[in-house]
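K.L.:
How does the following fold in three dimensions:
(one chain, ligands or ions: 1)
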Amino acid sequence: MSKEIVVSGIRSTGFLHLGNYFGAMKNYVQMQDEYNCYFFVADYHALTTHPDPKELKGNVYRVVAENLACGLDPEKVALYAQSDLPEIPELYLMLNMMAYKGELEKVPTFKDKVRQQPENVNAGLLTYPVLMSADIIIHKAVKVPVGKDQEQHIEMARNFVNRFNNRYGELFPEPYAFNFSNELVKVPSLDGNGKMSKSENVNATLYLADEDDVIRKKIKKAKTDSGPTEPNSEMPEYIKNIFLLMKLVSPQEVYDTYTNAYNDCTIRYGDMKKQLAEDMVNFIAPIREKAKDLQNNEDQLKKIMKEGAEKARASASKTIAEARKLMGINYY
Ligand code: AMP
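P.N.:
Numbering: from 1, shown residues only. Presented below is the predicted three-dimensional model:
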């Protein structure tokens, strides 16, 4: 039986963080043996918010290096830059004829961006979910390992797939968001406000490039209170978040010990944060060091990206030829 096809991308807009790791990369690594995987650096998507040419190349290399450091094997997956596949913007243009202004304006991530950069509400931001759909269906992917924040975009991709198939004939399968755990993951920020992110909440986000003392400092500052006064009481959101982070990186028995201490009101958040900080350092440090080594070897990164692009283009060019034919764009 042929392997199921998987696509996912990460924008080259800044340093990768724990949210990217648990929402995306951890799944990538787990999927690389069983699935036919295409993973890319979303450099075109980055232009919607980060158009600075001086930063782009370094950011792209770093994202590739950080993905490899997390355990991606370029022999097993196609790892490439989005802009190396001209078939993606071609399909994006085709899909734009099936995407409506009203539905795009309603997307929460678009509304967020309008709020964040009111001086630059470009059409690329509005049509972000269309480009993302093209990224996915160009390889006819069925599974998309992403975090919870992307669920609605994947639903839109299914809408575009159905519109295309109904209008022109069956070509694309419906893609679905995927995570190895039962639920899609959302890694919260350390200040109790929203999720970890590449550009917001910098002091409340743990980056895979953070040095040990930075990790310790950020966790020390995480929001807590004086502790529960009633046994088995409901946790406030910011305390839940600290437990969630502990669940992600600490051994189960450590997590259980602190959960019990919370429930019988003996918990000391200072101790808990110290423990979490050490477990986090042990988790992040090896990834950071490996990514640094890889970034010092640009030739190797370039070779991996070129080979990845070749593999990905072989699949993308087949899909675009089929789409053109169904649409009647095949004159010669
Ligand atoms: P982005 O950083 O927006 O390019 O997202 C890259 C991938 O990381 C996507 O699959 C997101 O769903 C995932 N991701 C980003 N932030 C988080 C977060 N705080 N928690 C879980 N997943 C996330």
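
K.L.:
which residues touch G9?
P.N.:
Counting by CB atoms under 8 Å, 6 or more residues apart in numbering, G9 touches 39-42, 45, 82, 132, 135. No exception for glycine: its C-beta is placed from N, CA and C like everyone else's.

K.L.:
Can you pull up the residues of the stretch 101-250 of the chain that come close to the ligand?
P.N.:
146-147, 149-150, 185-187, 195-198 (CB under 6 Å from any ligand atom).

K.L.:
Apart from its chain neighbours, what residue comes closest to V187?
P.N.:
G19 (3.8 Å; CB to CB, 6 or more residues apart in numbering).

K.L.:
per-residue confidence at that neighbour?
P.N.:
Looking at G19, its pLDDT stands at 94.

K.L.:
now do K198
P.N.:
84.

K.L.:
Can you show me the helices along the stretch 1-150 of the chain?
P.N.:
18-20, 26-31, 43-46, 53-69, 87-96, 101-105, 108-116, 123-126, 128-137 (DSSP state H, counting those that start in this stretch).

K.L.:
most packed of these?
P.N.:
helix 128-137 (a mean of 26; mean count of other CB atoms under 10 Å).

K.L.:
For it, name the packing helices and strands.
P.N.:
strand 5-11, helix 43-46, helix 87-96, helix 151-168 (3 or more CB pairs under 8 Å, 6 or more residues apart in numbering; DSSP states H and E).

K.L.:
Now mean pLDDT too, for those, in a markdown table please.
P.N.:
Shown next, in a markdown table, are the helices and strands packed on helix 128-137 (pLDDT from 0 to 100):
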| stretch | mean pLDDT |
| --- | --- |
| strand 5-11 | 96 |
| helix 43-46 | 97 |
| helix 87-96 | 98 |
| helix 151-168 | 97 |
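
K.L.:
Which among these is found nearest to A291?
P.N.:
Minimum separation from A291 across the helices and strands packed on helix 128-137 (CB to CB) falls at strand 5-11, 13.4 Å.

K.L.:
touching the ligand at all, the closest one?
P.N.:
Yes. Contact of strand 5-11 with the ligand (CB under 6 Å from any ligand atom) involves 10-11.
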